[in-house]
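Below is the sequence, then the predicted model.
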Amino acid sequence: MTKVAMVTGGAQGIGEAISRRLAADGFAVAVADLNEDKASQVANDIERSGGKAMAVTLDVADQQAFSDAVDKVADHFGGFDVIVNNAGLGPTTPIESITPELFDKVVHVNVAGTIWGIQAAVRKFRENGTKGKIINATSQAGVVGNPNLMLYCSTKFAIRGITQVAARDLAGEGITANAYAPGIVKTPMMMDIAHNVGKNAGKSDEWGMSTFSKDIALGRLSEPEDVAAAVSFLAGPDSDYITGQTLIVDGGMQFQ
Ligand SMILES: NC(=O)C1=CN([C@@H]2O[C@H](COP(=O)(O)OP(=O)(O)OC[C@H]3O[C@@H](n4cnc5c(N)ncnc54)[C@H](O)[C@@H]3O)[C@@H](O)[C@H]2O)C=CC1
Ligand SMILES: CC(=O)C(C)=O
(Lines give C-alpha, C1' and ligand atoms only; values in the text may rest on other atoms or scores of the structure.)
(Ligands and ions follow the chains in the order given, each with its own letter.)
Protein backbone atom coordinates (compact mmCIF):
# COMPACT_ATOMS: atom_id res chain seq x y z
CA MET A 1 0.00 0.00 0.00
CA THR A 2 1.54 3.34 -1.05
CA LYS A 3 1.93 5.69 1.90
CA VAL A 4 0.72 9.27 1.52
CA ALA A 5 2.60 12.38 2.64
CA MET A 6 1.52 16.03 2.55
CA VAL A 7 4.26 18.67 2.45
CA THR A 8 3.27 22.28 3.15
CA GLY A 9 5.42 24.94 1.52
CA GLY A 10 6.32 22.11 -0.82
CA ALA A 11 6.69 24.26 -3.92
CA GLN A 12 10.10 25.82 -3.22
CA GLY A 13 13.29 25.58 -1.22
CA ILE A 14 13.45 22.97 1.52
CA GLY A 15 9.81 21.95 0.98
CA GLU A 16 10.39 21.23 -2.69
CA ALA A 17 13.40 19.05 -1.81
CA ILE A 18 11.28 17.21 0.77
CA SER A 19 8.47 16.66 -1.77
CA ARG A 20 10.91 15.23 -4.32
CA ARG A 21 12.71 13.05 -1.76
CA LEU A 22 9.56 11.54 -0.29
CA ALA A 23 8.28 10.82 -3.81
CA ALA A 24 11.59 9.12 -4.58
CA ASP A 25 11.16 7.15 -1.33
CA GLY A 26 7.86 5.82 -2.74
CA PHE A 27 5.34 8.12 -1.04
CA ALA A 28 2.40 9.60 -2.90
CA VAL A 29 3.07 13.28 -2.23
CA ALA A 30 0.67 16.22 -1.90
CA VAL A 31 2.64 19.40 -2.67
CA ALA A 32 0.70 22.00 -0.68
CA ASP A 33 1.55 25.66 -1.09
CA LEU A 34 0.18 29.18 -1.43
CA ASN A 35 1.87 29.28 -4.83
CA GLU A 36 -0.42 27.21 -7.04
CA ASP A 37 1.74 27.44 -10.17
CA LYS A 38 4.95 26.36 -8.45
CA ALA A 39 3.17 23.55 -6.59
CA SER A 40 1.77 22.26 -9.87
CA GLN A 41 5.19 22.44 -11.50
CA VAL A 42 6.75 20.36 -8.73
CA ALA A 43 3.89 17.83 -8.69
CA ASN A 44 3.90 17.50 -12.48
CA ASP A 45 7.68 17.04 -12.50
CA ILE A 46 7.43 14.30 -9.88
CA GLU A 47 4.75 12.57 -11.97
CA ARG A 48 6.86 12.89 -15.14
CA SER A 49 9.69 11.21 -13.24
CA GLY A 50 7.44 8.24 -12.43
CA GLY A 51 6.34 9.30 -8.95
CA LYS A 52 2.88 9.98 -7.56
CA ALA A 53 2.02 13.57 -6.68
CA MET A 54 -0.71 16.17 -6.61
CA ALA A 55 -0.67 19.92 -6.07
CA VAL A 56 -2.86 21.51 -3.40
CA THR A 57 -3.33 25.26 -3.12
CA LEU A 58 -3.38 26.04 0.58
CA ASP A 59 -2.86 28.87 3.07
CA VAL A 60 -1.76 26.94 6.17
CA ALA A 61 -2.99 29.83 8.36
CA ASP A 62 -6.58 28.96 7.37
CA GLN A 63 -7.80 26.23 9.73
CA GLN A 64 -10.80 25.14 7.66
CA ALA A 65 -8.87 25.22 4.40
CA PHE A 66 -6.20 22.99 5.94
CA SER A 67 -8.82 20.49 7.10
CA ASP A 68 -10.46 20.50 3.66
CA ALA A 69 -7.06 20.04 1.96
CA VAL A 70 -6.26 16.96 4.06
CA ASP A 71 -9.66 15.48 3.11
CA LYS A 72 -8.92 16.21 -0.58
CA VAL A 73 -5.51 14.52 -0.37
CA ALA A 74 -6.82 11.47 1.50
CA ASP A 75 -9.72 11.08 -0.93
CA HIS A 76 -7.43 11.42 -3.95
CA PHE A 77 -4.75 8.97 -2.83
CA GLY A 78 -6.90 6.70 -0.62
CA GLY A 79 -5.05 7.35 2.63
CA PHE A 80 -3.04 9.79 4.73
CA ASP A 81 0.10 8.81 6.65
CA VAL A 82 2.53 11.75 7.08
CA ILE A 83 2.14 15.53 7.47
CA VAL A 84 5.24 17.68 7.00
CA ASN A 85 4.46 21.15 8.39
CA ASN A 86 7.22 22.90 6.47
CA ALA A 87 5.63 26.19 5.34
CA GLY A 88 6.91 29.25 7.13
CA LEU A 89 7.80 32.93 6.98
CA GLY A 90 11.22 34.22 8.07
CA PRO A 91 11.24 38.03 8.25
CA THR A 92 14.17 40.00 9.65
CA THR A 93 12.74 41.95 12.59
CA PRO A 94 14.92 44.20 14.71
CA ILE A 95 13.07 44.63 18.03
CA GLU A 96 11.70 48.08 17.19
CA SER A 97 10.40 46.92 13.80
CA ILE A 98 7.87 44.40 15.07
CA THR A 99 4.28 45.56 14.54
CA PRO A 100 1.02 43.90 15.63
CA GLU A 101 0.21 43.24 11.97
CA LEU A 102 3.53 41.53 11.25
CA PHE A 103 3.31 39.61 14.54
CA ASP A 104 -0.15 38.30 13.64
CA LYS A 105 0.92 37.38 10.10
CA VAL A 106 4.04 35.42 11.06
CA VAL A 107 2.55 33.71 14.12
CA HIS A 108 -0.56 32.72 12.18
CA VAL A 109 1.50 31.06 9.45
CA ASN A 110 4.33 29.54 11.46
CA VAL A 111 2.58 28.61 14.72
CA ALA A 112 -1.13 28.39 13.94
CA GLY A 113 -0.31 26.79 10.58
CA THR A 114 1.60 24.04 12.38
CA ILE A 115 -1.23 23.50 14.87
CA TRP A 116 -3.90 23.40 12.12
CA GLY A 117 -1.77 20.87 10.26
CA ILE A 118 -1.46 18.68 13.34
CA GLN A 119 -5.20 18.98 14.03
CA ALA A 120 -6.20 18.05 10.46
CA ALA A 121 -3.71 15.18 10.25
CA VAL A 122 -4.71 13.70 13.64
CA ARG A 123 -8.39 13.82 12.64
CA LYS A 124 -7.59 11.88 9.46
CA PHE A 125 -5.27 9.42 11.25
CA ARG A 126 -8.08 8.66 13.74
CA GLU A 127 -10.72 8.32 10.99
CA ASN A 128 -8.52 5.79 9.15
CA GLY A 129 -6.99 4.05 12.16
CA THR A 130 -3.54 5.13 10.95
CA LYS A 131 -0.50 5.35 13.22
CA GLY A 132 0.59 8.45 11.35
CA LYS A 133 3.58 10.77 11.61
CA ILE A 134 3.73 14.50 12.28
CA ILE A 135 6.95 16.23 11.18
CA ASN A 136 7.34 19.95 11.93
CA ALA A 137 9.87 22.50 10.67
CA THR A 138 11.65 24.27 13.46
CA SER A 139 15.16 25.68 12.89
CA GLN A 140 18.54 26.21 14.49
CA ALA A 141 16.78 29.52 15.16
CA GLY A 142 14.40 27.54 17.35
CA VAL A 143 17.33 26.27 19.40
CA VAL A 144 19.52 29.40 19.52
CA GLY A 145 18.34 33.02 19.39
CA ASN A 146 19.47 34.60 16.13
CA PRO A 147 20.35 38.31 15.77
CA ASN A 148 17.43 40.46 14.54
CA LEU A 149 15.13 37.45 14.16
CA MET A 150 13.08 37.87 17.37
CA LEU A 151 9.68 37.23 15.80
CA TYR A 152 10.88 34.32 13.68
CA CYS A 153 12.83 32.71 16.53
CA SER A 154 9.80 32.97 18.83
CA THR A 155 7.78 30.90 16.36
CA LYS A 156 10.52 28.30 15.85
CA PHE A 157 11.01 27.86 19.61
CA ALA A 158 7.21 27.51 19.88
CA ILE A 159 7.17 24.76 17.24
CA ARG A 160 9.57 22.67 19.33
CA GLY A 161 7.20 22.96 22.29
CA ILE A 162 4.19 22.15 20.11
CA THR A 163 6.02 19.07 18.83
CA GLN A 164 6.83 17.83 22.34
CA VAL A 165 3.22 18.30 23.49
CA ALA A 166 1.83 16.56 20.41
CA ALA A 167 4.21 13.66 20.99
CA ARG A 168 3.05 13.32 24.59
CA ASP A 169 -0.66 13.72 23.77
CA LEU A 170 -0.60 11.23 20.88
CA ALA A 171 1.88 8.57 22.04
CA GLY A 172 -0.91 6.30 23.29
CA GLU A 173 -2.40 6.19 19.78
CA GLY A 174 0.88 5.26 18.10
CA ILE A 175 1.08 8.65 16.37
CA THR A 176 4.53 10.24 16.49
CA ALA A 177 5.53 13.91 16.34
CA ASN A 178 9.06 15.15 15.64
CA ALA A 179 10.72 18.31 14.33
CA TYR A 180 13.66 19.02 12.07
CA ALA A 181 15.98 21.97 12.68
CA PRO A 182 17.95 22.94 9.58
CA GLY A 183 21.05 25.13 9.84
CA ILE A 184 21.69 27.68 7.11
CA VAL A 185 20.19 26.59 3.78
CA LYS A 186 20.41 28.71 0.65
CA THR A 187 16.72 29.24 -0.17
CA PRO A 188 14.72 32.37 -1.00
CA MET A 189 13.92 32.73 2.71
CA MET A 190 17.59 32.60 3.69
CA MET A 191 18.65 34.87 0.82
CA ASP A 192 16.20 37.48 2.10
CA ILE A 193 17.73 37.31 5.57
CA ALA A 194 21.23 37.54 4.08
CA HIS A 195 20.14 40.55 2.03
CA ASN A 196 18.95 42.33 5.17
CA VAL A 197 22.11 41.47 7.11
CA GLY A 198 24.17 42.92 4.27
CA LYS A 199 21.95 45.98 3.81
CA ASN A 200 22.07 46.85 7.53
CA ALA A 201 25.88 46.83 7.30
CA GLY A 202 26.03 48.60 3.94
CA LYS A 203 27.46 45.44 2.44
CA SER A 204 26.48 42.90 -0.25
CA ASP A 205 24.07 39.97 0.00
CA GLU A 206 27.07 37.64 -0.29
CA TRP A 207 28.71 39.37 2.69
CA GLY A 208 25.44 39.05 4.60
CA MET A 209 25.17 35.31 3.86
CA SER A 210 28.82 34.67 4.73
CA THR A 211 28.68 36.71 7.94
CA PHE A 212 25.39 35.23 9.13
CA SER A 213 26.44 31.66 8.37
CA LYS A 214 29.78 32.17 10.15
CA ASP A 215 27.98 33.59 13.20
CA ILE A 216 25.41 30.81 13.30
CA ALA A 217 26.72 27.71 11.58
CA LEU A 218 30.51 28.12 11.60
CA GLY A 219 30.23 29.03 7.92
CA ARG A 220 28.65 25.70 7.02
CA LEU A 221 25.80 25.87 4.51
CA SER A 222 23.42 22.93 4.13
CA GLU A 223 21.65 21.98 0.93
CA PRO A 224 17.86 21.56 0.81
CA GLU A 225 18.53 17.91 -0.04
CA ASP A 226 20.40 17.46 3.27
CA VAL A 227 17.26 18.53 5.12
CA ALA A 228 15.12 16.32 2.89
CA ALA A 229 17.30 13.33 3.88
CA ALA A 230 16.55 14.02 7.55
CA VAL A 231 12.82 14.29 6.85
CA SER A 232 13.02 11.07 4.81
CA PHE A 233 14.36 9.34 7.95
CA LEU A 234 11.64 10.84 10.15
CA ALA A 235 8.95 9.81 7.64
CA GLY A 236 10.27 6.28 7.25
CA PRO A 237 9.91 3.09 9.33
CA ASP A 238 13.35 3.38 10.98
CA SER A 239 12.07 6.29 13.08
CA ASP A 240 8.79 4.67 14.20
CA TYR A 241 10.01 4.53 17.81
CA ILE A 242 11.17 8.17 17.88
CA THR A 243 8.82 10.92 19.09
CA GLY A 244 9.00 14.35 20.67
CA GLN A 245 12.49 14.94 19.30
CA THR A 246 14.17 17.68 17.29
CA LEU A 247 16.59 16.49 14.62
CA ILE A 248 19.30 19.12 14.11
CA VAL A 249 20.46 19.16 10.47
CA ASP A 250 23.62 21.29 10.46
CA GLY A 251 26.88 19.72 9.37
CA GLY A 252 25.32 16.31 10.04
CA MET A 253 22.31 15.04 11.97
CA GLN A 254 21.90 14.92 15.73
CA PHE A 255 18.88 14.78 18.02
CA GLN A 256 18.37 17.68 20.45
N1 LIG B 1 16.32 28.34 4.70
C2 LIG B 1 16.88 28.13 5.87
O3 LIG B 1 18.08 28.44 6.13
C4 LIG B 1 16.08 27.50 6.97
C5 LIG B 1 14.70 27.27 6.86
N6 LIG B 1 14.03 26.69 7.91
C7 LIG B 1 12.59 26.41 7.84
O8 LIG B 1 12.35 25.53 6.75
C9 LIG B 1 11.04 25.78 6.21
C10 LIG B 1 11.18 26.06 4.72
O11 LIG B 1 12.05 27.17 4.59
P12 LIG B 1 12.58 27.65 3.15
O13 LIG B 1 12.50 26.54 2.17
O14 LIG B 1 13.88 28.32 3.41
O15 LIG B 1 11.48 28.76 2.80
P16 LIG B 1 11.08 29.46 1.42
O17 LIG B 1 10.58 30.81 1.81
O18 LIG B 1 12.17 29.35 0.44
O19 LIG B 1 9.83 28.55 0.95
C20 LIG B 1 8.68 28.53 1.75
C21 LIG B 1 7.52 27.98 0.96
O22 LIG B 1 6.37 28.06 1.81
C23 LIG B 1 5.30 28.66 1.10
N24 LIG B 1 4.42 29.36 2.03
C25 LIG B 1 4.67 30.52 2.70
N26 LIG B 1 3.59 30.87 3.43
C27 LIG B 1 2.65 29.91 3.23
C28 LIG B 1 1.33 29.71 3.71
N29 LIG B 1 0.73 30.61 4.51
N30 LIG B 1 0.67 28.59 3.32
C31 LIG B 1 1.26 27.70 2.48
N32 LIG B 1 2.50 27.84 1.97
C33 LIG B 1 3.19 28.94 2.35
C34 LIG B 1 5.96 29.60 0.10
O35 LIG B 1 5.10 29.85 -1.00
C36 LIG B 1 7.21 28.79 -0.30
O37 LIG B 1 6.92 27.93 -1.38
C38 LIG B 1 10.49 26.97 6.99
O39 LIG B 1 9.61 26.50 8.00
C40 LIG B 1 11.73 27.62 7.62
O41 LIG B 1 11.40 28.26 8.84
C42 LIG B 1 14.67 26.33 9.09
C43 LIG B 1 16.02 26.55 9.22
C44 LIG B 1 16.81 27.12 8.18
C1 LIG C 1 15.82 30.97 8.21
C2 LIG C 1 16.33 30.13 9.30
O3 LIG C 1 15.63 29.30 9.89
C4 LIG C 1 17.67 30.24 9.72
C5 LIG C 1 18.43 31.42 9.32
O6 LIG C 1 18.13 29.34 10.39
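Great, that's in hand. Ligands and ions are numbered 1, 2, ... in the order given.

separation between residue 59 and ligand 1?
Distance, residue 59 to ligand 1, using CB to the nearest ligand atom, to the nearest Å: 5 Å. Heads up, the C-betas are built off the backbone N, CA and C, glycines and all.

next one: residue 153
Remark: distance between residue 153 and ligand 1 (CB to the nearest ligand atom) = 10 Å.

going forward, begin numbering at 581 instead of 1
Noted, 581 is the first residue going forward, which turns the last one into residue 733.

Just give the number of residues close to that residue.
Counted with other CB atoms under 10 Å, residues neighbouring residue 733 total 21.

what is the rounded mean pLDDT of whichever strand or helix holds it?
Using DSSP states H and E, residue 733 falls within helix 730-750. Across helix 730-750, the average pLDDT comes to 98.

For that helix, buried residues please.
731-740, 742-744, 746-747, 750 (16 or more other CB atoms under 10 Å).

do the same with stretch 598-608
Under 16+ other CB under 10 Å, the buried positions of stretch 598-608 are 598-603, 605, 607-608.

Run through the residues of this structure sitting next to ligand 2.
Residues of the chain found near ligand 2 (CB under 6 Å from any ligand atom) are 670, 719-721, 764, 769-770, 773.

Show me those that map onto helices.
769-770, 773 (DSSP state H).

and the residues you listed as JSON lines, adding pLDDT and distance to residue 693?
Shown next, in JSON lines, are those (pLDDT from 0 to 100; distance: CB to CB, whole Å):
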{"residue": "769", "pLDDT": "97", "distance to residue 693": "15"}
{"residue": "770", "pLDDT": "96", "distance to residue 693": "19"}
{"residue": "773", "pLDDT": "96", "distance to residue 693": "19"}
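
now, among those, which is nearest to residue 798?
Using CB to CB, the shortest approach to residue 798 within those belongs to residue 770, at 15.8 Å.

hang on, the earlier thing: could you identify which of the residues of the chain next to ligand 2 has the most neighbours?
For the residues of the chain next to ligand 2, the largest neighbour count, defined by other CB under 10 Å, is 31 neighbours, found at residue 719.

That residue against residue 734, yeah?
No. Contact criterion CB atoms under 8 Å: residue 719 and residue 734 do not qualify, at 11.5 Å.

contacting residues around the helix holding residue 733?
665, 668-675, 678, 682-683, 686-687, 690-691, 694-695, 698, 702, 714, 716-719, 721-723, 725-726, 756-759, 761, 823-826 (CB atoms under 8 Å, 6 or more residues apart in numbering).

which ones are touching the residue in the stretch 681-830 of the chain that ligand 2 sits nearest to?
Residue of the stretch 681-830 of the chain nearest ligand 2, by CB to the nearest ligand atom: residue 719 (3.4 Å). Contacts here follow CB under 8 Å, 6+ apart; on that basis residue 719 touches 732, 736, 761-762.
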